[in-house]
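Chemist: A structural model of the following input is requested.
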Amino acid sequence: MPMTVGTGIGTDMKEAPQRARELEDMGYDYVATPETSRNPFLPLVLIAEHTERIHFGTSVAIAFPRVPHITANIGWDLSHYSGGRFVLGLGTQVKGHNERRFSVPWAPPGPRLRDYINCVRAIWDSWQNGTKPDYEGEYYQYKLTSPFFNPGPIEHPDIKIVISAVNPFNARLAGEVCDGIAIHGFSTFEYIREVLLPAVHEGARRAGKNPKDLRITGGGFIVTGRTEEEVARAKEASRRQISFYASTRSYSRVMKQHGWDDEAAHLHRLSIDGGWDEMVDVITDDMMEEFCVIGTWDELVGRMREKYAGINTQVGFGATLRNPDEVDQIKEMIAELKTIPAVGEF
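Modeler: Okay, the predicted model is just below:
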């Protein structure tokens with residue numbers, strides 16, 4: 001599939017319609033809402049209403065706080081309303097957030113997410129094809145419904161599911177039971193090539209799928225600006241974000257890939273002690289080069305081509321307009337990004 005270009009969009013419902021129209025007009029193919037401070041699904045209704053072409057989805061919605069039936073119902077309605085433009089992006093989050101932020105009991109996240117996705121698909125199959133509810137997994141079940149609770153078939157029932165992954169188990173799961181992977185930003189390009197993509201392809205082969213048909217999005221940090229000064233500021237902001245992710249033990253495999261075990265352990269200790277400013281200094285420029293694509297707007301497309309060619313089917317690039325004169329430059333950059341060879345084209 002050809003390379004597409006996506007970007008994030010804020011979850012402020014007052015701003016989402018206009019922003020989505022602007023992004024569609026500039027040539028973006030996809031916009032995504034995160035689950036951070038607001039609900040990630042509600043703005044998508046407005047995006048669907050106020051655009052015609054652009055696809056959209058969650059990047060990502062946290063799965064376990066919502067039972068599969070709730071997620072299935074939201075996805076069904078969004079696909080129906082948008083004419084099939086919705087992509088369901090799911091993630092697991094870490095144990096602490098599930099238990100202490102979402103009040104959800106913790107269980108092994110990979111097997112539980114597999115069960116979750118299989119249950120969602122069983123629900124959709126029941127609604128579309130009238131099959132008897134007969135799903136029972138280790139964590140979830142769908143064995144009861146009635147016509148009163150069944151929304152019935154829709155025109156676009158083939159809703160794509162992608163999951164975020166930073167570890168090989170979920171990467172294999174993405175290839176096996178999903179339509180693709182949203183690679184976590186905290187992934188170096190070496191780690192993507194040598195660990196994550198082989199796991200995705202292994203999962204796809206297990207399921208008898210062609211890996212070239214999967215959606216591969218995300219990965220790395222895009223550090224850019226109009227000038228070198230803007231790039232420098234963006235670089236330091238990304239350095240801080242990387243130090244935060246690197247302090248999380250769930251992501252230690254990425255650090256280990258490069259022999260940064262000691263730095264990861266040090267960052268974890270600093271995070272426990274609240275040493276957030278000290279953590280930034282642990283992330284060296286060499287580390288930044290591994291995690292990031294860095295360059296001004298004039299340099300960025302070429303550098304993204306070097307990093308993403310043959311890896312992704314979608315790249316991300318975001319820019320906030322300062323004046324109308326910048327629209328043409330952004331349109332040109334988006335058009336050039338779409339010429340980067342995608343998976344299977346390199």
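Chemist: now do stretch 332-341, average pLDDT.
Modeler: This predicted structure assigns stretch 332-341 an average pLDDT of 96.
Chemist: next, count neighbours for the closest residue to residue 103 other than its chain neighbours.
Modeler: Here the nearest residue to residue 103 in space, its sequence neighbours aside, is residue 65; by CB to CB, 6 or more residues apart in numbering that works out to 7.9 Å. Where C-beta positions appear, they are placed from N, C-alpha and C, glycine not excepted. Using other CB atoms under 10 Å, residue 65 has 16 other residues around it.
Chemist: same thing with residue 253?
Modeler: Residue 253 sits with 15 neighbouring residues when counted by other CB under 10 Å.
Chemist: tell me the SS of it?
Modeler: Following DSSP: H, G, I helix; E, B strand; the rest coil, residue 253 is assigned to helix.
Chemist: just give the nearest non-adjacent residue to it, would you?
Modeler: If the residues on either side of it in the chain are set aside, residue 253 comes closest to residue 167, at 5.9 Å by CB to CB, 6+ apart.
Chemist: quickly list the domain ranges of the protein.
Modeler: 4-226+293-337, 227-292 (automatic domain parsing).
Chemist: one step back: hmm, residue 249 and the residue nearest to residue 253 touching each other?
Modeler: No: under the criterion of CB atoms under 8 Å, residue 167 makes no contact with residue 249, lying 11.5 Å away.
Chemist: which of those two has more neighbours?
Modeler: Under the criterion of other CB under 10 Å, the comparison of residue 167 against residue 249 puts residue 167 first, with 19 against 13.
Chemist: residues near the residue nearest to residue 86 when sequence neighbours are not counted, how many?
Modeler: Closest residue in space to residue 86, ignoring its immediate chain neighbours: residue 78 at 4.1 Å, by CB to CB, 6+ apart. Summarising burial for residue 78: neighbours were counted as other CB under 10 Å, giving 23.
Chemist: who does the host helix or strand of residue 331 touch, helix- and strand-wise?
Modeler: Assigned by DSSP states H and E, residue 331 falls within helix 327-337. Contacts defined by 3 or more CB pairs under 8 Å, 6 or more residues apart in numbering; DSSP states H and E place helix 327-337 against helix 16-26, helix 297-308.
Chemist: mind redoing it with 6 Å?
Modeler: Where contact means 3 or more CB pairs under 6 Å, 6 or more residues apart in numbering; DSSP states H and E, helix 327-337 is packed against helix 297-308.
Chemist: just the C-alphas of the helix it packs on, formatted as CSV.
Modeler: Presented in CSV, the C-alpha positions along helix 297-308 are these (Å, rounded to 0.1, in the frame of the first residue of the first chain):
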residue,chain,number,x,y,z
TRP,A,297,11.0,22.0,7.6
ASP,A,298,13.4,22.3,4.7
GLU,A,299,15.4,19.3,5.8
LEU,A,300,12.7,17.1,7.3
VAL,A,301,11.3,15.2,4.3
GLY,A,302,14.7,13.9,3.2
ARG,A,303,15.6,12.8,6.7
MET,A,304,12.2,11.1,7.2
ARG,A,305,12.8,9.3,3.9
GLU,A,306,16.1,7.9,5.3
LYS,A,307,14.5,6.7,8.5
TYR,A,308,11.0,5.4,7.3
